[in-house]
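# The amino acid sequence is not available; the structure is as follows:
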């Protein structure tokens, strides 16, 4: 298993032998979120909660939040659809109860390349020219993250074989993407906000396009819990999902508020945060069909070992989202 995913799996395996859960009041939901541009609006959920006390805790990564969830140190975790499939592949008890935000992926190319934005023909011509010249056309991502999956899906749809037509370069930490471009180590990268905006504002690359024209669409974040929490705290979960929905409605209607929270939590430059929000889509729906497509793609890419599509569908519990929104699941991505 590749390095990035190996870290996730090791963390999850360690979680399975972690200490027993911390005792919590039944009126409290302890919610973990990653401190990334997509995720920081989750820090606002406590002020939108009624009938439940949400203790929102920031983690460095979604993997850390998932580890805390499966080790029963928190009740709810904001992660990605990829984490969801990986957790099910490892046999962990996770239940999806809401979406949160989508988008945030962008494909950038070197400034000197004769590639027209959103013109796949021009990209394929340059790739062919490199091949004719005996040079590898190097494409990069952080292997195993949502942007990697989005890029691989988009390439496949355009007939580009990432194993034969280009050379893949794994750059695990997105904060290193900018320097890799500056050093001329890669020709194309699919990276995540706010790093994409940071790279563009630093003029280290130019935009090619957003990699959303593939089976996984632009799905990114998902809210998970466990079956014991569903059993013991159903009303608190309902109110937590209602708070997530209210936060999404708030930041979707007020980009200034979204910029403020993105720049405040990770200490991000406001100009970068302002650019990044244009590629973020607050959305609490859970997209069943695309979630199944992601699980299938991850197995095809050998990022997971088993077919988890049945579990992905079975463990998406729409009842809390239905109660919070007053809409049937047929209108919530089912």
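Looks like it arrived, so ask away. The structure displayed is predicted, hence computed values, not measured ones.
# dump the residue contacts of residue 264.
Counting by CB atoms under 8 Å, 6 or more residues apart in numbering, residue 264 makes contact with residue 40. Using the backbone N, CA and C atoms, a C-beta is placed for each residue, glycine as well.
# three-state assignment of residue 72?
On the three-state scheme (DSSP: H, G, I helix; E, B strand; the rest coil), residue 72 is labelled coil.
# Is it in contact with residue 232, as I believe?
No. Residue 72 lies out of contact with residue 232 (CB atoms under 8 Å); the separation is 11.5 Å.
# Pick out whichever of the two has more residues nearby.
The neighbour comparison of residue 72 against residue 232 (other CB atoms under 10 Å) goes to residue 72, with 19 against 12.
# Let me see the confidence value for that one.
What the model reports for residue 72 is a pLDDT of 97.
# and what of residue 83?
92.
# what's in contact with the helix or strand it falls within?
For residue 83, the host element (DSSP states H and E) is helix 81-89. With contact meaning CB under 8 Å, 6+ apart, helix 81-89 is reached by 5, 8-9, 12, 62-63, 66, 70, 94, 96, 144-146, 149, 216, 219-222, 224, 290-291, 294-295, 298, 303-306, 308, 311-312, 315.
# Figure out how far that helix is from the centre of its chain.
Remark: helix 81-89 is offset 11 Å from the chain centroid, using CA atoms, centre = their mean, to the nearest Å.
# Which helix or strand lies directly C-terminal to that helix?
Downstream of helix 81-89 (by DSSP H and E), the next one is strand 95-103.
# Distance from the chain centre to that following strand, please.
That offset, for strand 95-103, works out to 9 Å (CA atoms, centre = their mean).
# orientation of the longest helix seen in the chain relative to strand 95-103 in degrees?
Longest helix of the chain, by residue count under DSSP state H: helix 234-253. Using axes from the mean of the first three to the mean of the last three CA atoms, to 10 degrees, the inter-axis angle of helix 234-253 relative to strand 95-103 is 10 degrees.
# Now do the helix holding residue 83 and strand 95-103, the angle between them.
Using the same axes, to 10 degrees: helix 81-89 against strand 95-103 is 150 degrees.
# What are the buried residues along helix 81-89?
Using 16 or more other CB atoms under 10 Å as the test for burial, helix 81-89 gives 81-89.
# again, but for stretch 234-249
Buried, per 16+ other CB under 10 Å, within stretch 234-249: 236-248.
# Quick one: residues in contact with that stretch.
For stretch 234-249, with CB under 8 Å, 6+ apart as the criterion, the contacting residues are 26-29, 31, 41-42, 44-46, 48-52, 54, 75-76, 97-98, 100-101, 223, 225, 229-230, 282-284, 320-321, 323-325.
# can you give me the helices for the stretch 101-250 of the chain?
Secondary structure of the stretch 101-250 of the chain by DSSP state H, counting those that start in this stretch: the helices cover 120-132, 146-157, 177-182, 195-201, 227-232, 234-253.
# which other helices and strands contact the first one?
Based on contacts counted as 3 or more CB pairs under 8 Å, 6 or more residues apart in numbering; DSSP states H and E, there is no element that helix 120-132 packs against.
# and the angle for it with helix 146-157?
90 degrees.
# average pLDDT for helix 120-132?
On average, helix 120-132 scores 97.
# What of the fifth one?
When pLDDT is averaged along helix 227-232, the result is 97.
# Could I get the buried residue list for it?
Buried residues in helix 227-232 (16+ other CB under 10 Å): 229-230.
# And stretch 206-224, by the same measure?
Neighbour counts using 16+ other CB under 10 Å place 208-212, 214-224 of stretch 206-224 among the buried residues.
# what would the buried residues of helix 81-89 look like in a markdown table with distance to residue 182?
Below are the buried residues of helix 81-89 laid out as a markdown table (distance: CB to CB, whole Å):
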| residue | distance to residue 182 |
| --- | --- |
| 81 | 31 |
| 82 | 28 |
| 83 | 31 |
| 84 | 35 |
| 85 | 34 |
| 86 | 32 |
| 87 | 36 |
| 88 | 39 |
| 89 | 36 |
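# nearest to residue 193, of the buried residues of stretch 206-224?
residue 220 (9.8 Å; CB to CB).
# Contact partners for the closest one?
38, 80-81, 101-105, 146.
# go on, residue 27?
52-53, 236.
# Quick check, residue 274 in contact with residue 259.
Yes. The pair residue 274 and residue 259 passes the contact test of CB under 8 Å, sitting 5.3 Å apart.
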